[in-house]
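Undergrad: I would like the atomic coordinates for the input below:
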Amino acid sequence: MTLKNVKPSLNKIAKSLEKVQDSREFLLKNTREIIILCSRSIIAVHKGELKTGKNNLKQADVLLKKYKKKASGQLRRYLITPEQEFVEAACLIAIVEKKQIPSDTKLSVMPESYVLGLLDCIGELKRMVFDKIRIGNVDEATRIFEIMENLYLHLYTFSMYDKVVKEARRKIDVNRILVDDVRSIITEERRRTELIQTLQKLER
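TA: Below is the predicted model of the structure:
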């Protein structure tokens, strides 16, 4: 019979696919906790609760390392989103602490995750710049903007890899607008501050 080898082959493949499907569902379900922890970390940093932010990031790191063991081969792509969030939070904390932004190797993440995480971090830096301007700390706002702009300049060429790094081009286009907006606001705030200082000197 011509189908003699088909049934055992299909049975073997079905068992293999069942394992992959179970692992996929496990990763999708459990990595949500990593995403939540990273989101909490970012929120805490914006609120000035750096210790809480770092603790949340540490918990996310422990879980990420644990689940990486279950994500081999094609299953690794299901870690891109949690890794991306992890990179975003880790880089934001480094910038707030005035430390070097960690490398992809240091964070033990995939290249795609690293690029996407840095792109997302630019949006968080915009928020941070506005927060600093709101409390009158223009120097710190300028420092953060310079990092934001330099990050964008290092990343904008990655739009050519959009087919490999999903959504890279869209994020880069959005970030270009963010950088231009923040540059205008920083310039305006600088001029306003200088004008106030000049007027104060004249009043003396």
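
Undergrad: what residues go with each domain of the protein?
TA: Domains of the chain are assigned by automatic domain parsing as 13-109, 111-204.

Undergrad: Poorly predicted segments of the protein, please.
TA: Residues of the chain that meet the criterion pLDDT under 70 lie in 1, 71-73, 75, 204.

Undergrad: Dump the domains of the chain into JSON lines; add mean neighbour count and distance to Thr2 as well.
TA: In short, each C-beta sits where N, CA and C put it, glycine included. Below are the domains of the chain laid out as JSON lines (neighbours: other C-beta atoms under 10 Å; distance: least, C-beta to C-beta, whole Å):
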{"stretch": "domain 13-109", "mean neighbour count": "17", "distance to Thr2": "18"}
{"stretch": "domain 111-204", "mean neighbour count": "16", "distance to Thr2": "41"}
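
Undergrad: Quick one: the ones you listed as CSV, columns for distance to Lys7 too.
TA: Converted to CSV, the domains of the chain look like this (distance: least, C-beta to C-beta, whole Å):
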stretch, distance to Lys7
domain 13-109, 10
domain 111-204, 38
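
Undergrad: In the protein, mark out all the helices, start to finish.
TA: Ranges of helices in the chain, per DSSP state H, are 6-46, 50-68, 80-96, 104-107, 111-134, 138-155, 168-203.

Undergrad: Indicate which one of these is closest to Gln74.
TA: helix 6-46 (7.3 Å; C-beta to C-beta).

Undergrad: hang on, the earlier thing: format the helices of the chain as JSON lines; extra columns: distance to Asp162.
TA: Listed next are the helices of the chain as JSON lines, based on distance: least, C-beta to C-beta, whole Å:
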{"stretch": "helix 6-46", "distance to Asp162": "23"}
{"stretch": "helix 50-68", "distance to Asp162": "25"}
{"stretch": "helix 80-96", "distance to Asp162": "15"}
{"stretch": "helix 104-107", "distance to Asp162": "19"}
{"stretch": "helix 111-134", "distance to Asp162": "11"}
{"stretch": "helix 138-155", "distance to Asp162": "12"}
{"stretch": "helix 168-203", "distance to Asp162": "4"}
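
Undergrad: Which of the ones you listed sits closest to Tyr161?
TA: Among the helices of the chain, the nearest to Tyr161 by C-beta to C-beta is helix 168-203 (6.0 Å).

Undergrad: now that closest one against helix 111-134, angle please.
TA: Angle of helix 168-203 versus helix 111-134, following axes from the mean of the first three to the mean of the last three C-alpha atoms, to 10 degrees, is 20 degrees.
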